[in-house]
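Chemist: sequence and predicted structure, then a few things I'm wondering about:
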Amino acid sequence: MMNVLVTGGAGYIGSHTVVELINAGYEPIVVDDLSNAKEDVIDRIEIITGKRPVFYKVDCKDKEAMRKVFSDNKIDSVIHFAAYKAVGESVRIPLEYYRNNIDSTLTLMEVMEEFGCKKFVFSSSATVYGPNNPYPYKEDMKAIESSSPYGWTKVMIERILTDYVTAHPDYCAILLRYFNPIGSHESGLLGDDPNGIPNNLMPYISRVAAGQLEKLTIYGDDYPTPDGTCQRDYLHVVDLAIGHLKALEYAENKEGVEAINLGTGNGVSVMELVHAFDKANDMELPYVIGPRRDGDLPAFWADAEKAKTLLGWEATHSVEDMCRSAWKFAKKASEK
Ligand code: UFG
């Protein structure tokens, strides 16, 4: 069975991917430094799947520790999630972001080279399309700039992987460009549970629904969109996780570098998402309209055709599923 190293495997998208890997018969090996995740996620993965993944509490920048992971296990391929990911924070502490996200990827790639591992699935982001491309975003558009240090680390790592493939044509790197993942595993045991006050929309909505925050502030209702609020391509995290399995299958007998969007192909506004959350969970979320947030683009979503053609993947969950499952997790988490 294929051994897959999953860095950041205790995090939000990582943990959902580990569950789907186990369900599909893969042997995931989880590396996570727990800087933004909790160790009990490993227990929860075991409760859901009946199988405990091998877990190393290791920072990917620690080369010796990473060598040990590779020598303890015969690793066939790598999915690299581990990274800092808060856009606003990256503007305040850019050096930490560049050091952590880039150093960890370089170290991981060097150790992969030492051990002859040639399959790399990278956790990239729609942010690499930058502020100037028209939407829907398509993979053949120039994706060479971003609007935050966080986003720039994604642009730079895509570049590093592309250059590496040029030098090593028998390597395979899949750059998965995620749109906006939300929602939770149906068990309500895994989900997006950031430390402190959430920056992203769904975790914020969830805390308001749980009564832990007073109300949602919608950042601007005067954008050039149908209802004036920003539009994004929200996709269910379980769909996103399955996209990684499809990418692994695809990479198994391929060489080269391939960028692939993972999104639904539909734009949903902040206001629509709030109303969908109300309807799915039978509540009325308190909100106010506030000023725009710096750096937000009015609207973007994916052209989702390439994932369909190349990977045979498309998102299947509805916005209602996303809202219901997000609340199921948040409700449980708030009762602890
Ligand atoms: N929003 C609110 N109120 C909040 C939080 C968010 O109105 O309290 C709005 C934002 O203005 C935006 C939408 O909800 O219109 C989505 O915001 P998120 O912060 O959830 O997501 P973003 O689209 O800003 O960020 C995502 C990813 C990043 C990526 C970025 C740019 O989380 O990884 O897209 O592509 F860098």
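Modeler: In hand now; what should we look at?

Chemist: alpha carbons only for contacts and neighbour counts from here, please
Modeler: OK.

Chemist: for stretch 89-100, give me every contacting residue.
Modeler: Stretch 89-100 has contacts (CA atoms under 8 Å, 6 or more residues apart in numbering) with K61, A83, Y84, S148, P149, Y150, T153.

Chemist: residues in contact with the third one?
Modeler: Okay, so that is Y84. Counting by CA under 8 Å, 6+ apart, Y84 touches Y97, N100, N101, Y150.

Chemist: how is it assigned, secondary-structure-wise?
Modeler: Three-state assignment for Y84 (DSSP: H, G, I helix; E, B strand; the rest coil): coil.

Chemist: chain neighbours aside, what residue packs nearest to N195?
Modeler: Distance criterion CA to CA, 6 or more residues apart in numbering; nearest residue to N195, sequence neighbours excluded, is N36 at 7.2 Å.

Chemist: my guess is that neighbour contacts G196. True?
Modeler: No. Using CA atoms under 8 Å, N36 makes no contact with G196, being 10.7 Å away.

Chemist: between these two, who's got more neighbours?
Modeler: The neighbour count for N36 versus G196, taken as other CA atoms under 10 Å, is higher for N36 (17 against 6).

Chemist: hang on, that one in a strand?
Modeler: No. Counting by three-state DSSP, N36 falls outside a strand, being coil.

Chemist: which among the contacts of Y84 gets closest to I218?
Modeler: Closest to I218 out of these is Y150 (22.7 Å), distances taken as CA to CA.

Chemist: quick revisit: from the contacts of stretch 89-100, which is closest to Q212?
Modeler: Nearest to Q212 among the contacts of stretch 89-100 is Y84, at 24.7 Å by CA to CA.

Chemist: and the pLDDT for that closest one?
Modeler: What the model reports as pLDDT for Y84 is 97.

Chemist: let me know the secondary structure of G25.
Modeler: At G25 the chain is in coil, as set by three-state DSSP.

Chemist: residue contacts, the nearest residue to it once chain neighbours are set aside?
Modeler: Taking CA to CA, 6+ apart as the measure, G25 lies nearest to M1, with 7.1 Å between them; neighbours along the chain are not counted. Applying CA under 8 Å, 6+ apart, one finds that M1 lies in contact with G25, Y26, E27.

Chemist: the second one - how many residues pack around it?
Modeler: The local packing of Y26 (other CA under 10 Å) involves 16 other residues.

Chemist: for it, which residues are in contact?
Modeler: Counting by CA under 8 Å, 6+ apart, Y26 makes contact with M1, M2, N3, V4.

Chemist: at 6 Å what do you get?
Modeler: M1, M2 (CA atoms under 6 Å, 6 or more residues apart in numbering).

Chemist: quick check: it vs R99, distance?
Modeler: Per CA to CA, to the nearest Å, Y26 is found 31 Å from R99.

Chemist: same check on T49?
Modeler: Per CA to CA, T49 is found 35 Å from R99.

Chemist: swap in M109?
Modeler: 15 Å.

Chemist: helices of the chain, start to end?
Modeler: Ranges of helices within the chain are 12-23, 40-49, 63-72, 87-92, 94-114, 149-167, 201-209, 237-252, 270-281, 305-306, 319-335, based on DSSP state H.

Chemist: helices and strands around the last one, which ones?
Modeler: Here helix 319-335 is seen to pack against helix 270-281 when contacts are counted using 3 or more CA pairs under 6 Å, 6 or more residues apart in numbering; DSSP states H and E.

Chemist: could you rerun that using 8 Å?
Modeler: Helices and strands touching helix 319-335, as assessed by 3 or more CA pairs under 8 Å, 6 or more residues apart in numbering; DSSP states H and E, comprise strand 180-182, helix 201-209, strand 234-236, helix 270-281.

Chemist: what is the last one packed up against?
Modeler: The one in question is helix 270-281. helix 319-335.

Chemist: please redo it, this time with the cut-off set to 10 Å
Modeler: The contact analysis (3 or more CA pairs under 10 Å, 6 or more residues apart in numbering; DSSP states H and E) places helix 270-281 against helix 201-209, strand 216-219, strand 231-232, helix 319-335.

Chemist: can I get those in TSV with mean pLDDT and distance to the ligand?
Modeler: What follows is those, written out as TSV (pLDDT from 0 to 100; distance: least, CA to the nearest ligand atom, whole Å):
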stretch	mean pLDDT	distance to the ligand
helix 201-209	97	4
strand 216-219	98	3
strand 231-232	98	6
helix 319-335	96	13
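
Chemist: would you turn the ones you listed into a markdown table with mean neighbour count?
Modeler: Listed next are the helices and strands packed on helix 270-281 as a markdown table, based on neighbours: other CA atoms under 10 Å:
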| stretch | mean neighbour count |
| --- | --- |
| helix 201-209 | 22 |
| strand 216-219 | 18 |
| strand 231-232 | 22 |
| helix 319-335 | 20 |
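
Chemist: wait, which of these is closest to V238?
Modeler: Closest of the helices and strands packed on helix 270-281 to V238 is helix 319-335, at 9.4 Å (criterion: CA to CA).

Chemist: and the closest one, how far from the chain's centre?
Modeler: Centroid displacement of helix 319-335 relative to its chain, using CA atoms, centre = their mean, to the nearest Å, is 18 Å.

Chemist: compute the inter-axis angle for that helix and helix 201-209.
Modeler: Angle of helix 319-335 versus helix 201-209, following axes from the mean of the first three to the mean of the last three CA atoms, to 10 degrees, is 50 degrees.
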